[in-house]
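> Predicted model and sequence follow; I will ask about them next.
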Amino acid sequence: MDGFSPALLLSLLLVLPPTLAYILLIGLLRSRDEKLADLAAKSLPQGSIGWPLFGETLHFLKPHFSGSPGIFLQQHCSRYGKVFKSHLFGSPTIVSCDLELNMFVLQNEEKLFQASYPKPIHGILGKYSLLTVSGDLHRKLRNIGVSFIASSKSSPHFLHWIEKLSISMMDSWSDRNEVSFFKEAKAFTLRLMVKHLLSVNPEEALASRILEDFQTYMRGFVSLPINLPGTAYAKAVKARARLSSSVKEIMEGRRKRRSRELEELGEGEGDFLDAILSKQSLNDDEIVSIVLDIMLGGYETTSTLMALIVYFLQHSPIALAKLKEEHHAIRENKKDEGAPLDWEDYKKMEYSYNVICEAMRCGNVVKFVHRKSLQDVKFKELVIPSGWKVLPIFTASHMDPDLHDNPAQFDPSRWTGDLSKEMSRKVTPFGGGARLCPGAELAKVVISFFLHHLVLRYSLKSLREKKKSEPHKIFITSSRFSL
């Protein structure tokens with residue numbers, strides 16, 4: 001037949017336009033993707049992908065001194081610059097040792113970037129941890145924590161317990177020849193958190209059980225993520241379940257208390273659990289997670305910072321002398337020699353604040369955070385592809401000679417007066433943006449009160465000469481007796 005039949009012609013008219021439109025759309029999308037891929041390829045920083053599967057993760061995690069970025073970062077920054085690409089924790093990654101890019105990432109949380117921690121961390125922290133959740137749930141949980149911390153950090157009840165536990169711990173050293181300070185600091189901070197959050201006294205059996213489970217829980221963070229019986233990771237997951245059960249038992253007991261008993265509590269005497277149970281806006285698992293999160297920060301971060309401060313002070317006699325001078329003056333101004341410290345005393349601890357801030361810069365308790373780009377992100381001439389991990393490295397900017405004179409030197413005077421504002425823009429020990437650590441100010445209060453009694457009662461000497469095989473230990477002596 002020489003021509004098209006009417007039926008065939010009608011079919012072509014119905015099918016051809018959508019087909020052509022589909023082909024055109026696919027072509028446009030492919031062209032766009034190719035352009036984006038080409039742009040990303042041209043705008044990605046230099047770097048190395050490393051070994052298949054593992055990438056460069058093992059080299060990145062190689063232990064190093066806290067006051068140094070480590071060999072991995074030093075070599076890569078020297079070779080590729082302060083921003084480079086790598087393959088870490090199973091993902092293509094942009095590593096940033098640049099302060100400006102770090103702040104850009106932190107300030108654009110939930111807009112361009114999102115927290116993205118390795119899956120094994122989720123297995124230990126649980127479903128509702130502040131570290132891993134995002135969006136509205138993160139804001140809700142964080143606001144509750146911030147509200148309680150802001151109201152309780154200056155309460156006489158909390159300040160009393162900081163001082164009571166500080167004195168009690170130091171009294172326990174009197175008949176000991178040697179003190180493992182980091183271990184003592186961890187026990188001190190956890191007992192304080194358990195008391196402050198759950199009203200469990202240190203001498204109670206429940207406190208000892210929580211302490212033991214929490215230590216097992218923490219060991220899982222620095223273990224291989226292998227969930228097999230007997231491994232540290234598996235033990236940590238079980239310890240977390242036991243901690244959850246312990247907190248829920250306490251919660252059930254609180255709910256059975258009459259409302260009159262809660263109303264009779266003095267200002268600042270109600271603990272964190274009382275505060276969040278009264279709000280009734282969280283389910284039980286969310287409450288457990290936020291309690292454990294605050295315990296985690298108060299236990300690991302605060303105790304590590306305390307140990308670093310003692311380490312830096314025993315290597316900095318001028319700073320230690322100034323700190324002692326400040327606390328002697330505070331004590332001499334008290335009407336009664338044995339009078340407890342109060343919030344007005346804390347506000348006078350200006351040099352103590354400088355010491356804490358400088359220890360955070362030099363000690364780098366939090367070395368980096370995990371973020372993921374939510375879309376293709378352009379920063380100056382750099383493009384961060386959607387879905388790539390981004391690791392802002394705080395250690396690098398804290399020890400950057402372009403930002404700090406003689407960065408390896410512990411010098412609290414960097415934070416004096418107007419210099420403090422400038423330093424605060426260059427130092428991010430507790431992160432920044434929407435995920436700025438809610439307990440940062442609480443930690444400073446705890447450490448300042450603790451330092452008051454430590455420097456007035458003890459002298460600090462290094463064991464470097466005493467025990468060359470254990471140069472990391474700190475030798476503590478008293479003017480009244482030797483430890």
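Structure's in. What do you need?
> what's near enough to touch the residue nearest the centre of the chain?
Note on the chain: the residue nearest the mean C-alpha position is V366, at 5.4 Å, using C-alpha atoms, centre = their mean. By C-beta atoms under 8 Å, 6 or more residues apart in numbering, V366 lies in contact with T301, F394, P429, F430, G431, C437. (C-beta placed from N, C-alpha, C; glycine too.)
> Check V83 too.
Taking C-beta under 8 Å, 6+ apart, one finds P45, I94, V95, S96, C97, D98, L101, L382 in contact with V83.
> show me where pLDDT drops low in the stretch 51-200 of the chain?
Across the stretch 51-200 of the chain, nothing is flagged by pLDDT under 70.
> show me where it has strands.
Remark: strands assigned in the stretch 51-200 of the chain by DSSP state E, counting those that start in this stretch are 83-88, 91-96, 113-115.
> right, and these - which one's nearest F410?
strand 91-96 (25.2 Å; C-beta to C-beta).
> Who are the packing partners of that closest one?
If you count contacts as 3 or more C-beta pairs under 8 Å, 6 or more residues apart in numbering; DSSP states H and E, strand 91-96 packs onto strand 83-88, strand 389-392.
> Which residues belonging to stretch 54-63 are considered buried?
G55, E56, T57, H59, F60 (16 or more other C-beta atoms under 10 Å).
> Show me the one of the helices and strands packed on strand 91-96 that comes nearest D136.
strand 389-392 (22.6 Å).
> Could you turn the buried ones of the contacts of V83 into a ChimeraX selection?
With 16+ other C-beta under 10 Å as the criterion, this ChimeraX line picks the buried residues out of the contacts of V83:
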select :45,94,95,96,97,98,101,382
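> hmm, which two among the contacts of V83 are most spread apart?
C97 and L382 (13.4 Å).
> All the helices of the stretch 351-483 of the chain, residue numbers only.
Per DSSP state H, counting those that start in this stretch, the stretch 351-483 of the chain carries helices over the ranges 394-398, 419-426, 440-457.
> now swap in the stretch 51-200 of the chain and tell me
According to DSSP H, counting those that start in this stretch, the stretch 51-200 of the chain carries its helices in the segments 57-60, 71-80, 99-107, 119-125, 135-152, 156-171, 181-198.
> out of the ones you listed, nearest to A239?
Of all the helices of the stretch 51-200 of the chain, it is helix 119-125 that lies closest to A239, at 9.1 Å by C-beta to C-beta.
> before we move on, the earlier item: need the helices of the stretch 51-200 of the chain in TSV (columns: distance to M399).
Shown next, in TSV, are the helices of the stretch 51-200 of the chain (distance: least, C-beta to C-beta, whole Å):
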stretch	distance to M399
helix 57-60	17
helix 71-80	10
helix 99-107	11
helix 119-125	26
helix 135-152	29
helix 156-171	31
helix 181-198	22
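> Name the stretch among the ones you listed that sits most buried.
With neighbours taken as mean count of other C-beta atoms under 10 Å, the helices of the stretch 51-200 of the chain reach their highest mean count in helix 181-198, at a mean of 22.
> contacting residues around that helix?
Against helix 181-198 from outside (C-beta under 8 Å, 6+ apart): 152, 158, 161-162, 165-166, 169, 173, 200-202, 207, 210-211, 214-215, 247, 250, 271-273, 291, 294-295, 298-300, 302-304, 306-307, 310, 446, 450, 474, 476.
> if we go to 7 Å?
Helix 181-198 has contacts (C-beta atoms under 7 Å, 6 or more residues apart in numbering) with 158, 161-162, 165, 169, 200-202, 207, 210-211, 214, 250, 271-273, 291, 294-295, 298-299, 302-303, 306-307, 310, 446, 474, 476.
> List only those of these flagged as buried.
Going by neighbour count (16+ other C-beta under 10 Å), the contacts of helix 181-198 have 158, 161-162, 165, 169, 200, 202, 207, 210-211, 214, 250, 271-273, 291, 294-295, 298-299, 302-303, 306-307, 310, 446, 474, 476 buried.
> For L296, which non-adjacent residue is spatially closest?
M218 (7.7 Å; C-beta to C-beta, 6 or more residues apart in numbering).
> ok, that neighbour touching G297?
No - at 11.8 Å, M218 does not count as touching G297 under the criterion of C-beta atoms under 7 Å.
> More neighbours: those two, which one.
It is G297, of M218 and G297, that has more neighbours when counted by other C-beta atoms under 10 Å, with 22 against 18.
> hang on, isn't that one packed against G439?
Yes - the pair G297 / G439 is scored as a contact, 4.7 Å apart, by C-beta under 7 Å.
> so which two of the contacts of V366 are the farthest from each other?
T301 and F394 (13.0 Å).
> ok, the two, which is more surrounded?
F394 (26 against 20).
> Contacts only, for the more buried one.
F394 makes contacts with N364, V366, K367, F368, T428, P429, as judged by C-beta under 7 Å, 6+ apart.
> The third one: neighbouring residues, count only.
If I follow you right, that is K367. As a burial measure, K367 scores 16 neighbours (other C-beta under 10 Å).
> my read: it touches T395, true?
Yes - applying C-beta under 7 Å, one finds K367 in contact with T395, separated by 4.8 Å.
> Give me the neighbour count for the closest residue to I149 other than its chain neighbours.
Leaving out its chain neighbours, the residue that sits closest to I149 by C-beta to C-beta, 6+ apart is L442, at 5.1 Å. When neighbours are defined as other C-beta under 10 Å, L442 has 24 of them.
> now the one 10 residues further on
Counted with other C-beta under 10 Å, the burial measure for H452 works out to 24 neighbours.
> picking up where we left off before, dump the contacts of F394 to JSON lines, plus pLDDT and distance to R414.
Formatted as JSON lines, those follow (pLDDT from 0 to 100; distance: C-beta to C-beta, whole Å):
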{"residue": "N364", "pLDDT": "89", "distance to R414": "15"}
{"residue": "V366", "pLDDT": "87", "distance to R414": "19"}
{"residue": "K367", "pLDDT": "90", "distance to R414": "20"}
{"residue": "F368", "pLDDT": "91", "distance to R414": "22"}
{"residue": "T428", "pLDDT": "88", "distance to R414": "15"}
{"residue": "P429", "pLDDT": "85", "distance to R414": "13"}
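> Which single one of these is nearest to K256?
Closest approach to K256 among the contacts of F394 (C-beta to C-beta): V366, at 39.2 Å.
> Give me the angle between the host helix or strand of I294 and helix 440-457.
Following DSSP states H and E, the helix or strand that holds I294 is helix 284-296. Put simply, helix 284-296 runs at 30 degrees to helix 440-457, going by axes from the mean of the first three to the mean of the last three C-alpha atoms, to 10 degrees.
> export whichever helix or strand comes after helix 284-296 as CSV, just CAs?
Moving toward the C-terminus from helix 284-296, the next helix or strand (DSSP H and E) is helix 302-314. This file holds the C-alpha atoms of helix 302-314, laid out as CSV (Å, rounded to 0.1, in the frame of the first residue of the first chain):
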residue,chain,number,x,y,z
THR,A,302,34.8,17.2,80.7
SER,A,303,37.1,14.7,82.3
THR,A,304,39.4,14.7,79.3
LEU,A,305,39.6,18.5,79.4
MET,A,306,40.3,18.4,83.2
ALA,A,307,43.2,16.0,82.6
LEU,A,308,44.6,18.1,79.8
ILE,A,309,44.5,21.3,81.9
VAL,A,310,46.5,19.6,84.7
TYR,A,311,48.9,18.3,82.1
PHE,A,312,49.4,21.8,80.5
LEU,A,313,49.6,23.5,83.9
GLN,A,314,52.4,21.3,85.2
